[in-house]
Every structure is written in structure tokens, then in C-alpha cells.
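1. mind looking at a prediction? Sequence and model below.
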Amino acid sequence: MSLDLQGVAKSYGDVAAVHALDLHCPTGQMLGLLGPSGCGKSTTLKMIAGIEEVSAGRILFSGREVQALPPGARNIAMVFEDYALYAHLSVFENIAFPLRVRGTPKPEVAGKVGAILKLLRLDGIAGEKVRKLSGGAQQRVSIGRALVRNPEVIVFDEPLSHLDADQKVELRTEIKRLQQLQGLTSILVTHDQTEAIAMCDVIAVMNAGELQQLGSPQELYDRPANTFVAQFIGEPPMNLLAAELAPDGRLTGPDWRLPPAAARAGLTGGPVTAGLRPEALRLLRDETGGDGLAVLAGRVAFREHRGDTDILLVALDAPGPDGAELHVSADVPGPSPLRQGDRVRLGFDGSRLCLFDPVTGRNLQADAPLATEAAA
Ligand SMILES: Nc1ncnc2c1ncn2[C@@H]1O[C@H](COP(=O)(O)OP(=O)(O)OP(=O)(O)O)[C@@H](O)[C@H]1O
């Protein structure tokens with residue numbers, strides 16, 4: 001079943017929690033609602049589930065309007081961050097619960113719950129009381145309880161929030177496996193960009209009740225619609241540098257320059273914000289800097305080991321427009337011998353550069369090909 005939101009809005013008195021929101025999730029895909037606390041994710045989710053009424057707009061399940069229907073008539077199942085299980089009941093009884101409430105005949109309950117237990121690999125612990133289980137196992141039970149109703153849409157509301165790091169990774173793989181295996185149209189609500197990128201086919205990034213961008217994880221990473229998305233997706237976030245764009249595509253920063261490029265020609269010249277992913281910066285070992293590379297010089301302020309790479313936080317020699325010290329993050333092959341205070345030179349070319357309007361933050365090259373397409 002496909003899901004569409006058309007101009008969906010919600011106000012609580014004077015508070016506009018969600019502004020005219022347009023979303024599309026194709027059948028069998030997982031849509032992520034991603035954004036910081038208070039951006040309107042939960043409100044959007046509640047309107048889709050029918051727990052909150054919309055103030056305006058339409059919600060469509062496979063083209064059928066549902067915004068006026070009560071939750072029970074929408075056939076949506078929800079998985080909550082706190083599992084919401086009956087602790088004194090067994091795994092079997094928790095999963096069977098929605099069927100029992102509907103008065104489903106016993107043999108049918110046994111068959112359906114049995115299949116779900118097998119699917120979730122819970123058949124070995126069907127008789128255990130859920131309070132004795134780990135957080136990850138409890139969340140699998142609540143997923144089972146959601147699936148047993150054969151819902152048209154399944155909603156995961158911060159499902160991994162209360163889990164340890166290793167259980168998080170395990171369950172996120174498990175949810176993705178089930179979602180693909182069952183072809184479930186799903187919505188994942190999360191504030192964690194790593195989670196959304198790992199699990200979702202399409203992500204809606206929200207801020208202050210407004211949709212910032214709807215796209216695949218790759219699109220959001222390579223071609224962020226604005227500086228908010230650029231800095232929300234990716235860790236460390238994209239570096240943003242003030243620069244001046246000439247009409248021929250030449251780009252100039254405080255102490256760096258890039259030659260004209262076709263990709264930048266045609267844009268209106270003037271002040272811009274240049275966005276650079278940390279892995280697009282290369283450590284230069286000698287005095288090179290020709291061959292079309294721009295060079296940022298500075299000192300290592302902090303180094304973080306990440307196994308096969310090091311993240312360097314570099315304080316640049318050239319100050320920012322207001323005279324304040326500027327920092328960039330660089331993701332370089334590790335382990336590097338560099339220490340705090342060491343001088344470094346970082347080079348970059350224009351191939352992975354994003355350009356943003358310095359006032360509105362909007363991407364000036366929204367139609368540019370993805371980095372992966374350009375490389376192909
Ligand atoms: N029942 C309510 N009454 C008044 N304001 C509300 C209500 N529910 C949410 N809001 C407001 O609407 C905005 C969006 O809240 P919402 O809970 O949807 O954000 P969120 O992205 O889910 O945040 P979180 O991750 O913290 O739950 C916030 O400003 C919030 O204070």
C-alpha cells in the first residue's frame with residue numbers, strides 16, 4: 001500500500017506543529033521521518049495513525065482518503081520505543097493479544113502466532129514471560145504483535161531508543177530484513193540520522209514543522225537541499241565555508257581558490273556558502289596545491305581515531321568574516337601520525353562541492369547530478 005500526505009498541517013492553538021506537508025512513500029518501502037526534537041515527527045505520525053486529527057490536508061492510503069477515519073479503520077500497526085507489552089504475559093500471549101481482542105478462533109490464533117514466532121525466530125522462547133527478556137527481544141515481541149494483525153502500514157516510533165549499541169545494530173538489521181521480506185509499507189520515526197540512513201528507502205527531513213527535503217539517503221547526502229540537511233545528515237557534518245563565486249564559475253575563499261568549472265558556471269555570481277564533506281578533504285604531504293586543488297592551511301585542534309580513519313578537527317589560519325577562528329573536519333586515512341598543534345594542509349577539488357545561498361541556505365545546484373552518478 002502506498003502512502004501520501006498532501007498539504008497536511010496541524011496546529012495546537014497558536015502553535016503550528018506541522019506546516020503543509022507533502023510526502024510520498026511507495027508500496028513496500030520504508031519512509032523515515034527524521035529531525036531534531038520538536039520538529040513535528042510525532043505529530044505527523046499521530047495524524048497518519050489517526051490519533052490526532054489533521055488541521056488541513058489529505059492523507060491517502062493507495063489513493064483512498066483516510067484522514068477522517070478513526071484509527072481502528074486504518075489498519076495501521078504501531079511499534080513504540082517502550083515496547084508497550086504486557087510484562088506478566090508470555091511471548092505467545094503478547095503476540096496473540098490483538099487476535100484474541102477481535103475474537104479470532106483459537107486454532108487460527110495458534111496458526112498465525114506460530115508463523116510470526118517462526119518469522120521473528122522467537123519460537124524457542126514462546127512460553128517465557130516477557131519481563132524476563134532483554135530489551136531487544138522485547139522489541140521483537142512487540143514487532144510480532146504488530147505484524148500478526150497483517151497491517152497495511154506499520155509505524156516504528158523510535159524503536160531502538162532504549163537499546164544498547166550492539167542490540168541497536170542487531171535489531172535494525174532485523175527490522176529491515178522483515179520489512180523487505182514482507183514487503184511492508186513502513187514509517188520510521190527517528191532523530192538519529194545513522195538509523196534513518198541504514199534502514200530507510202526514502203527519508204523526509206523535518207525542521208520546525210517544515211519538510212526540508214524528501215529523498216533517498218544518497219540524495220540527502222550528496223545533494224542536500226539546504227544547509228540544514230547538509231549539517232543534519234553525515235557525521236561529522238558537512239563543512240560550510242564562506243566564498244565568493246564569479247560568473248565564470250571561479251570560486252574564491254579567504255585564502256583558497258578553485259579555477260572556473262562548468263558545473264558552477266551559469267549560477268549568479270556573488271557570495272555563497274561552499275559545503276564540503278569531511279572525506280572530500282585530503283591531507284597534502286608536501287607543498288603541492290596546483291592541479292586545480294584549493295588548499296586550507298591550519299593546525300590540528302583535535303584528532304579522533306576511528307579505526308581505519310582519523311577525524312581531524314583543524315583550526316584554519318584564515319579567520320572567518322567576523323574575525324572568529326574557523327574549524328573544518330577532515331576524514332583522513334588512519335592511523336595518522338598527526339598530533340594536536342601540528343601544522344597541516346588540506347586540499348580539495350570542486351567535484352564534491354555543494355554551493356548554498358548564504359542568506360536562505362538553499363542549495364544553488366539542486367539539479368546537479370549525485371556524486372555517484374557523476375563518477376559513473
Ligand atoms: N498536544 C500538544 N499541544 C500543544 N503543542 C504540542 C502538542 N503536541 C506537540 N506540540 C508541539 O508541536 C511541536 C512538534 O512536536 P512533536 O512532538 O511532533 O515533535 P517531535 O519531532 O516528535 O519531537 P520529539 O522527538 O521530542 O517527540 C512542538 O513545538 C511541540 O511542543
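-> On my side now, so go ahead.

2. contacts, neighbours, all on C-alpha from now
-> OK.

3. measure how buried the residue in the stretch 251-376 of the chain positioned nearest to the ligand is and give me the count.
-> Using Cα to the nearest ligand atom, the single residue of the stretch 251-376 of the chain nearest to the ligand is G361, 21.3 Å away. Neighbour count for G361, taken as other Cα atoms under 10 Å: 17.

4. next, it: phi, psi?
-> Per-residue torsions, G361: phi 80, psi 0 (degrees, to the nearest 10).

5. same thing with A262?
-> phi -60, psi -40.

6. any idea of the pLDDT on it?
-> A262 is assigned a pLDDT of 79 by the prediction.

7. number of nearby residues for it?
-> So A262, with other Cα under 10 Å, has 10 neighbours.

8. is it true that it touches P247?
-> No. In this structure A262 lies outside contact range of P247 using Cα atoms under 8 Å: 10.7 Å.

9. residues touching the helix or strand in which L5 is found, excluding its own?
-> Using DSSP states H and E, L5 sits in strand 3-12. Applying Cα atoms under 8 Å, 6 or more residues apart in numbering, the contact partners of strand 3-12 are 16-27, 43, 53-63.

10. all the strands of the stretch 201-350 of the chain, in order from the start?
-> In the stretch 201-350 of the chain, the segments counted as strands under DSSP state E, counting those that start in this stretch are 202-207, 210-215, 239-245, 251-252, 257-258, 270-276, 282-283, 294-306, 309-316, 327-333, 343-348.

11. for the ligand, tell me which of the contacts of strand 3-12 show up nearby.
-> A17, T43 (Cα under 6 Å from any ligand atom).

12. ok, the closest residue to the ligand within the stretch 51-200 of the chain - contacts?
-> Across the stretch 51-200 of the chain, no residue is closer to the ligand than H191, which sits at 6.5 Å (Cα to the nearest ligand atom). Contact analysis of H191 by Cα under 8 Å, 6+ apart lists L34, G35, P36, S37, E158.

13. tell me which of those residues fall in strands.
-> L34 (DSSP state E).

14. would you reformat the contacts of H191 as a markdown table and include pLDDT?
-> Shown next, in a markdown table, are the contacts of H191 (pLDDT from 0 to 100):
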| residue | pLDDT |
| --- | --- |
| L34 | 97 |
| G35 | 96 |
| P36 | 95 |
| S37 | 94 |
| E158 | 93 |
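
15. which single one of the contacts of H191 is nearest to the ligand?
-> S37 (3.7 Å).

16. hang on, N226 packs against N363?
-> Yes. Using Cα under 8 Å, N226 is in contact with N363, at 5.0 Å.

17. just the buried residues of the contacts of H191.
-> L34, G35, P36, E158 (16 or more other Cα atoms under 10 Å).

18. take the residues you listed and lay them out in a markdown table including distance to the ligand.
-> Listed next are the buried ones among the contacts of H191 as a markdown table, based on distance: Cα to the nearest ligand atom, whole Å:
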| residue | distance to the ligand |
| --- | --- |
| L34 | 8 |
| G35 | 6 |
| P36 | 6 |
| E158 | 9 |
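
19. got the residues of the stretch 251-376 of the chain near the ligand?
-> Counting by Cα under 6 Å from any ligand atom, no residue of the stretch 251-376 of the chain is near the ligand.

20. where does the stretch 1-150 of the chain have low pLDDT?
-> For the stretch 1-150 of the chain, no stretch is flagged by pLDDT under 70.

21. repeat that with 90
-> Applying pLDDT under 90 to the stretch 1-150 of the chain flags the ranges 72, 80-84, 121, 149.

22. cool, the stretch 151-300 of the chain as well?
-> In the stretch 151-300 of the chain, residues with pLDDT under 90: 162-167, 178, 181-182, 247-249, 254-255, 260-269, 285-293.

23. mind listing the helices for it?
-> 165-182, 193-199, 217-222, 227-232 (DSSP state H, counting those that start in this stretch).

24. ok so, going back, need the overlap of contacts for N226 and N363.
-> With Cα under 8 Å, 6+ apart, N226 and N363 have common neighbours F356.

25. give me the contact list for stretch 62-72.
-> In this structure, residues lying in contact with stretch 62-72 by Cα under 8 Å, 6+ apart are 1-4, 47-51, 53-54, 58-60, 74.

26. if we go to 10 Å?
-> Outside of stretch 62-72, the residues within contact range by Cα atoms under 10 Å, 6 or more residues apart in numbering are 1-5, 8, 25-27, 46-54, 56-61, 73-74, 77, 152.

27. same question for stretch 174-181.
-> Outside stretch 174-181, the residues within contact range by Cα under 10 Å, 6+ apart are 28-30, 119-120, 140, 143, 147, 154, 156, 159, 168, 171, 173, 182-186, 198-200.

28. mind redoing it with 7 Å?
-> With contacts defined as Cα atoms under 7 Å, 6 or more residues apart in numbering, stretch 174-181 is touched by M199.

29. thought the residue of the stretch 251-376 of the chain closest to the ligand was touching T227?
-> Yes. If you go by Cα atoms under 7 Å, G361 and T227 touch, sitting 5.1 Å apart.

30. mind listing the strands for the stretch 1-150 of the chain?
-> Ranges of strands within the stretch 1-150 of the chain are 3-12, 15-25, 30-34, 56-61, 64-65, 76-79, based on DSSP E, counting those that start in this stretch.
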